[in-house]
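Asker: Okay, sequence plus prediction incoming.
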Amino acid sequence: QVQLVESGGRLVQAGDSLRLSCAASGLTFSNYAMGWFRQAPGSDREFVTAISWNGLSTNFADSVKGRFTISRDNAKNTVYLQMNSLTPEDTAVYYCAAGGSIYSIRYGNSDYWGQGTQVTVSS
């Protein structure tokens, strides 16, 4: 059974940094590209970033470029989302996803999803 478990979400202030983690089990982690999405109240789920299976390629939504980074540790079956210069507009539930490629993740064809972790940024 595949599980993606996000952690690290919490209440922070504008300008703060936060790192989210997503621990994967039940799949061959290094075979999958990994990504992060978010969903704010009343909004659709939106793509944030993705990383290739080997960590050499990444892709970001324009709204987070230059502020967020994604990385992975295949030995630990974990993907990370480092978020800097947070703003209230970053408030959302953040979801981890696994898929065949960065582009399959970005364009809505993820194979697996986590349950999400709440990030709240106060002004």
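Answerer: Thanks, I have the structure now. Source: prediction; values computed, not measured.
Asker: The residue nearest the centre of the chain is in what secondary structure piece?
Answerer: The chain has residue 36 as the residue nearest its centroid, 2.3 Å off, counting by C-alpha atoms, centre = their mean. Using DSSP states H and E, residue 36 sits within strand 33-39.
Asker: Can you give the distance of that strand from its chain's centre?
Answerer: The chain centroid and the centroid of strand 33-39 are separated by 4 Å under C-alpha atoms, centre = their mean, to the nearest Å.
Asker: Using CSV, write down the CA coordinates of that strand.
Answerer: Output in CSV follows, covering the C-alpha atoms of strand 33-39 (Å, rounded to 0.1, in the frame of the first residue of the first chain):
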residue,chain,number,x,y,z
ALA,A,33,9.0,12.1,-9.8
MET,A,34,7.6,13.9,-6.8
GLY,A,35,5.7,17.1,-6.5
TRP,A,36,3.8,19.5,-4.2
PHE,A,37,0.4,21.1,-4.7
ARG,A,38,-1.6,23.4,-2.5
GLN,A,39,-5.2,24.2,-2.0
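Asker: Starting from that strand, tell me which strands it pairs with and how they run.
Answerer: strand 46-51 (antiparallel), strand 92-99 (antiparallel) (DSSP bridges).
Asker: what pLDDT does residue 108 get?
Answerer: For residue 108, the pLDDT comes out at 81.
Asker: List the contacts of it.
Answerer: For residue 108, the contact set (C-beta atoms under 8 Å, 6 or more residues apart in numbering) is empty. Heads up, the C-betas are built off the backbone N, CA and C, glycines and all.
Asker: Which of the helices or strands spans it?
Answerer: Here residue 108 is assigned to no helix or strand, by DSSP H and E.
Asker: which residues of this protein fall in helices?
Answerer: Under the criterion DSSP state H, helices of the chain are mapped to 102-106.
Asker: Which parts of it are strands?
Answerer: 3-7, 11-13, 18-25, 33-39, 46-51, 58-60, 68-73, 78-83, 92-99, 112-113, 117-122 (DSSP state E).
Asker: Please identify the most buried of those strands.
Answerer: strand 33-39 (a mean of 25; mean count of other C-beta atoms under 10 Å).
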